[in-house]
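*Asks:* The amino acid sequence is not available; the structure is as follows:
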């Protein structure tokens, strides 16, 4: 990147807020997505919406790409730099600007940590339900950009269900406000919801207005173990058929149970074919009744064992079985590829069995866990990116997995986004006019293609060839890795 | 319209499915919005998505406007024809194609009547919450096009919160599918939510997949009366501050109470300054507790009286007070202009007082009722469109009302849409780049401007001057009015 551009960036945000050392460039060359990395030319740290606006205007003028970034916990490469790009680092915008307990809203800056928001609003007896796996480090801005999900999707929905308003800097640098504290608002097109989940390609969020709800008075957590995923799946179906909507309804398959037990020593039965983590919440009487009904449903479906938490501490311990799944699997081999093929809830057992069959066919290890209640599965391949042959098998296996999910009316991504990692699958899910619709929205909003262009889909001719470079390319700097 | 185009329309949908008599054209010249009407050149009744596609392709070829229409109950002129237009009548598409009790979804055609869907899904113990005022005749397609609200917005949200998937014919005739039965889906841009509420300008819905929830086990309905709107407003605030989220939390002001009593003879105290209709639902124990708490809150806020329904019949009777509001007001004078200025909940009392002040200033009658729980007010002017002087005053009063709502962080329309009626206010709420964003979406999706173009905003130069003609213009056909 021309030094003149670096100087102009410094003029906008101030010296010391543009990082160009190779250490910094490497530190921001990747996010939480394995196998994708690329060096940015600089890291720019804006302080105001006007800074963001001016950086984007300069990008249009000087033709470089801007990569917005929160904590970099994304799992589809949304924050991975591209050639000729600068990272726009938003994670220092950490102010909770207002908690309005009359209108049940929170106004926050995009860098606020998800779990910190949970804690703050709970002081008011309020509740912000979205709880993505990385919530202890992820930012609200990143959550909105990816429309992050979490464990409470079935009953409470995902991030987009809690975004009431946005202050956004558009790719051309204009600042707009969409939405507000109104529970109902149908003035004009719903720009807000097309910006949510646009993966940093349509705008940079500078303020976010969130909806809060009263915190449920009580909750009850339990674990149940089954011989097979079929029996666990039947249990899920029966719970819903009884019109119980648990706040959490999660599963682990045998591979994952074994890894978790090996890692966290929770006393899990390592021979169980499946485990369900179930949490109901709401009025105390309702919670008791529902927990009782669920135990009966588990027993009817041949649960080999179940544990009902008697205290908050016990509940936390039971939840650890699920929250530890990713970390436990990640220990097994150097590279952990966590996917989120998602199907309508009723197809969860069929999909999990298919994934196990595919893993067997390619002789690779795939652990399965995820959100049984909302059909959002996390088939997780344990592999080694240096083993080219196995990586090829992993790739072929996931291709089959996504094809099967789509055949069942599912989606290639339930909560992680498309980014770089799943671009090639998008056309399996949508026909050409639908993808053209998406591309046209991008084209009219970002005519010069400066904002994270190359994510979700390729835009031709401009973005042709703008594929990410591999981690190998920066291996020459490996001495600098911390 | 050239007779050759009529013939080609008949070739597409079949003879007898293109109506051109003056009686039919008049019958479809207006919707439920007062003061707007315009004769269409024909009414086209398609039977399949392919028919819809071919009609839109012909419109692009022959340069006429297509106006999609359900039951025509809209209140912003969304289904009012424009010069050089045909009405595309979708209200015969009345099949409920599937109710999936495992995945809690309903797949319906766009012409299904809202209240009929309520009844059908309740047979399965399920619940479709959106309940717009016109639900006994409105269609789901129209509800989705307008993102219709209703009385249950506070707790359950609006139509968009229940739309999982759409089959849509785009303005250029391509058919796309967006969304599906997956509770979580972040593949690509969220096209679904920009189509919802696009007021028939971005696509024609041919199939709609809806989310259902378990029907609440119990509910309790009550009415409470107050001397002033302030005390009613304080009651609403206190209910929310106690973390109770009623399914319904509605108010009527004194003008409306008087009209309802005069119309329905329910024994309402005609001197009350305000009435609240409150319904809580959920687990029976929770419902009892919340009802008790609400009674205490009402008493604390000087409620002059309250009535608690002891049976389903009594509950229905209490609800009549609110459901009859519009009909009761509409009897008073020949023209009833029902608006939906909306503000954050905490500003409801201030906004209602301001509306009363504005009505006094212009010496016109404005009844106020609406959704106190979600801030969605329905100031309703009782007037006579033949009285030009008073109509001018009404227009000036609403201008002031919308300005004040926006000043309070409100919106010009909570649930009715912009259509023709509120186009001139849109620029008060959004800055230029936001409106340009909307217009650009329209331009790229509908390059020839054939689908309901001229609603929500004007597009230049193409749509300049394409304003609706007035009802006067068709007064010459008044002998034909039924």
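*Replies:* Received it, and whenever you're ready, just let me know what you need. This one's a predicted model, so the numbers in the text were calculated from it and none came from an experiment.
*Asks:* in what helix or strand does residue A:354 lie?
*Replies:* Counting by DSSP states H and E, the element that carries residue A:354 is helix A:348-362.
*Asks:* List the strands paired with the very next helix or strand once past that helix, with their directions.
*Replies:* Per DSSP H and E, the first helix or strand lying C-terminal to helix A:348-362 is strand A:365-371. Each strand paired with strand A:365-371, and its direction, by DSSP bridges: strand A:248-253 (antiparallel), strand A:376-383 (antiparallel).
*Asks:* Check those strands for me and report the most buried one.
*Replies:* Mean neighbours per residue, mean count of other Cβ atoms under 10 Å in any protein chain shown, is largest over the strands paired with strand A:365-371 for strand A:248-253, with a mean of 28. Where C-beta positions appear, they are placed from N, C-alpha and C, glycine not excepted.
*Asks:* Pull the distance from it to the chain's centre.
*Replies:* Taking Cα atoms, centre = their mean, to the nearest Å, one finds the center of strand A:248-253 at 17 Å from the center of the full chain.
*Asks:* Okay, angle between it and helix A:348-362 too, please.
*Replies:* 30 degrees (axes from the mean of the first three to the mean of the last three Cα atoms, to 10 degrees).
*Asks:* Not counting strand A:248-253 itself, show me its contacts.
*Replies:* If you take Cβ atoms under 8 Å, 6 or more residues apart in numbering or on different chains as the criterion, strand A:248-253 is touched by A:151-152, A:154, A:221, A:229, A:232, A:236, A:239, A:260, A:273-279, A:319, A:321-322, A:325, A:348, A:352, A:356, A:367-374.
*Asks:* how about the helix holding residue A:354: buried residues?
*Replies:* Neighbour-count burial for helix A:348-362 flags A:348-349, A:351-356, A:358-359, A:362 (criterion: 16 or more other Cβ atoms under 10 Å in any protein chain shown).
*Asks:* possible to save those residues as JSON lines with distance to chain B?
*Replies:* Putting the buried residues of helix A:348-362 into JSON lines (distance: Cβ to the nearest Cβ, whole Å) gives the following:
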{"residue": "A:348", "distance to chain B": "11"}
{"residue": "A:349", "distance to chain B": "12"}
{"residue": "A:351", "distance to chain B": "11"}
{"residue": "A:352", "distance to chain B": "16"}
{"residue": "A:353", "distance to chain B": "17"}
{"residue": "A:354", "distance to chain B": "16"}
{"residue": "A:355", "distance to chain B": "16"}
{"residue": "A:356", "distance to chain B": "21"}
{"residue": "A:358", "distance to chain B": "20"}
{"residue": "A:359", "distance to chain B": "22"}
{"residue": "A:362", "distance to chain B": "24"}
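*Asks:* Specify which member of these is nearest to residue B:406.
*Replies:* Using Cβ to Cβ, residue A:348 comes nearest to residue B:406 of these, at 46.4 Å.
*Asks:* correct me, but the closest one touches residue A:372?
*Replies:* Yes: the pair residue A:348 / residue A:372 is scored as a contact, 5.4 Å apart, by Cβ atoms under 8 Å.
*Asks:* Ramachandran angles for the closest residue to residue A:122 other than its chain neighbours?
*Replies:* Nearest residue to residue A:122, sequence neighbours excluded (Cβ to Cβ, 6 or more residues apart in numbering or on different chains): residue A:215, at 6.1 Å. When read as degrees, to the nearest 10, the backbone of residue A:215 gives phi -70, psi 130.
*Asks:* How many neighbouring residues does residue A:215 have?
*Replies:* 16 (other Cβ atoms under 10 Å in any protein chain shown).
*Asks:* Now do stretch A:430-450: distance to the chain's middle.
*Replies:* For stretch A:430-450, the separation from the chain centroid amounts to 23 Å (computed by Cα atoms, centre = their mean).
*Asks:* Whether that stretch contacts chain B - can you check?
*Replies:* Yes: Stretch A:430-450 lies within reach of chain B by Cβ under 8 Å from any Cβ of the partner chain, at A:430-431, A:433-435, A:437-438, A:440-445.
*Asks:* Now pLDDT too, for the residues you listed, in JSON lines please.
*Replies:* JSON lines is the format used below for the residues of stretch A:430-450 next to chain B (pLDDT from 0 to 100):
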{"residue": "A:430", "pLDDT": "97"}
{"residue": "A:431", "pLDDT": "97"}
{"residue": "A:433", "pLDDT": "97"}
{"residue": "A:434", "pLDDT": "97"}
{"residue": "A:435", "pLDDT": "96"}
{"residue": "A:437", "pLDDT": "96"}
{"residue": "A:438", "pLDDT": "97"}
{"residue": "A:440", "pLDDT": "95"}
{"residue": "A:441", "pLDDT": "96"}
{"residue": "A:442", "pLDDT": "96"}
{"residue": "A:443", "pLDDT": "94"}
{"residue": "A:444", "pLDDT": "92"}
{"residue": "A:445", "pLDDT": "95"}
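*Asks:* which one of the residues you listed has the most neighbours?
*Replies:* Going by other Cβ under 10 Å, residue A:437 tops the residues of stretch A:430-450 next to chain B with 26 neighbours.
*Asks:* residues touching that one, list them.
*Replies:* For residue A:437, the contacting residues are B:170, B:176, B:189, B:191, B:445, by Cβ under 8 Å, 6+ apart.
*Asks:* If we check chain A, which of the residues you listed are in contact?
*Replies:* B:170, B:176, B:189, B:191, B:445.
*Asks:* Can you report how many residues neighbour the closest residue to the first one other than its chain neighbours?
*Replies:* The one in question is residue B:170. Distances taken as Cβ to Cβ, 6+ apart place residue B:203 nearest to residue B:170, at 5.3 Å, with adjacent residues excluded. A count of nearby residues for residue B:203, using other Cβ under 10 Å, gives 29.
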